[in-house]
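# Here you go, sequence then predicted model.
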Amino acid sequence: MIAFVLASASPSRLHILEQAGVDPLVRHPEVDEDALQAALPTGTPHVRVVEELARAKAEDVLHREGAQLAEEARSAGADTLIVVGCDSMLLVDGRLEGKPHTYERALERWHKMRGRHGVLLTGHALIVADLADDAPYAVTFSDSDTSDTTVHFGAPSDADLDVYLRTGEPLECAGAFTIESLGGWFIDRIEGDPSSVIGLSLPLLRRLLEAAGINAHRVWRPELRG
């Protein structure tokens with residue numbers, strides 16, 4: 001049995017997994033994303049930036065809470081623990097844009113983005129730990145990868161933008177937009193994996209699991225596995 005841990009505070013990522021048959025344990029990473037990004041060498045490839053952030057989140061949760069998570073997993077009958085971390089950023093004009101945090105910054109970004117397109121990069125990190133030994137856990141696999149999806153933005157009116165941004169919905173989202181909620185009004189189309197735009201790519205996660213020797217159905221709820 002596998003215990004699945006989502007190292008993310010994102011409700012959207014949790015929703016994707018739940019809709020895909022996974023009931024993960026959720027733990028919030030304590031990572032200073034801005035400081036970590038600033039510490040990376042100048043010229044670090046964009047895909048590596050999001051992968052480093054995703055890896056930092058997964059490792060933080062495992063290092064801080066791994067012993068407790070392992071105990072909970074064992075008590076539930078699990079012999080394997082997996083931790084998944086993700087990070088998304090929007091690539092526009094050669095620059096990575098993260099969460100705007102404020103109305104003013106989000107409005108500035110939308111003025112630049114509307115009627116154009118950008119590439120949403122979502123880094124994924126997977127850590128697999130064996131719970132069979134007496135030690136709390138033993139890491140047996142660790143890898144990361146990035147999905148990229150092109151997002152074509154609409155050209156919303158200033159009035160629509162003002163109301164949308166004042167809801168606060170996109171202020172803590174990479175690129176200052178959402179696609180699954182109110183922001184869907186202002187996204188004309190995407191090219192690539194839709195789940196990645198929401199925050200977690202199921203196809204990419206499946207490939208990471210397969211690289212670790214784990215079939216995707218093994219992380220589904222028991223009643224779905226038959």
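Sure, I can see it.
# Would you mark the buried spots in stretch 98-106?
Residues of stretch 98-106 classed as buried: 98, 99, 100, 106 (neighbour count, 16 or more other Cβ atoms under 10 Å). C-beta here means a position set from N, CA and C on the backbone, and glycine is covered the same way.
# what about dumping the CA coordinates of that stretch to CSV?
Presented in CSV, the C-alpha positions along stretch 98-106 are these (Å, rounded to 0.1, in the frame of the first residue of the first chain):
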residue,chain,number,x,y,z
GLY,A,98,5.1,34.0,-10.0
LYS,A,99,2.3,35.0,-7.7
PRO,A,100,1.5,38.7,-7.8
HIS,A,101,0.2,38.9,-4.2
THR,A,102,-1.3,42.4,-4.7
TYR,A,103,-4.0,43.9,-6.9
GLU,A,104,-1.6,46.5,-8.3
ARG,A,105,0.9,44.0,-9.4
ALA,A,106,-1.7,41.7,-10.9
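# Can you give the distance of it from its chain's centre?
If you compare the mean C-alpha spot of stretch 98-106 with that of the full chain, they lie 19 Å apart, counting by Cα atoms, centre = their mean, to the nearest Å.
# Select from the buried residues of stretch 98-106 every entry located in helices.
By the criterion of DSSP state H, membership of the buried residues of stretch 98-106 in helices covers residue 106.
# Just put the buried residues of stretch 98-106 in JSON lines and tack on distance to residue 187.
Below are the buried residues of stretch 98-106 laid out as JSON lines (distance: Cβ to Cβ, whole Å):
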{"residue": "98", "distance to residue 187": "18"}
{"residue": "99", "distance to residue 187": "17"}
{"residue": "100", "distance to residue 187": "16"}
{"residue": "106", "distance to residue 187": "15"}
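# Which parts of the chain are helices?
Taking DSSP H as the criterion, the chain carries its helices at 11-19, 33-39, 46-75, 103-113, 158-166, 194-198, 202-211, 222-225.
# Just name the most buried of the ones you listed.
Between these, helix 194-198 has the highest mean count of neighbours, a mean of 22, where neighbours are mean count of other Cβ atoms under 10 Å.
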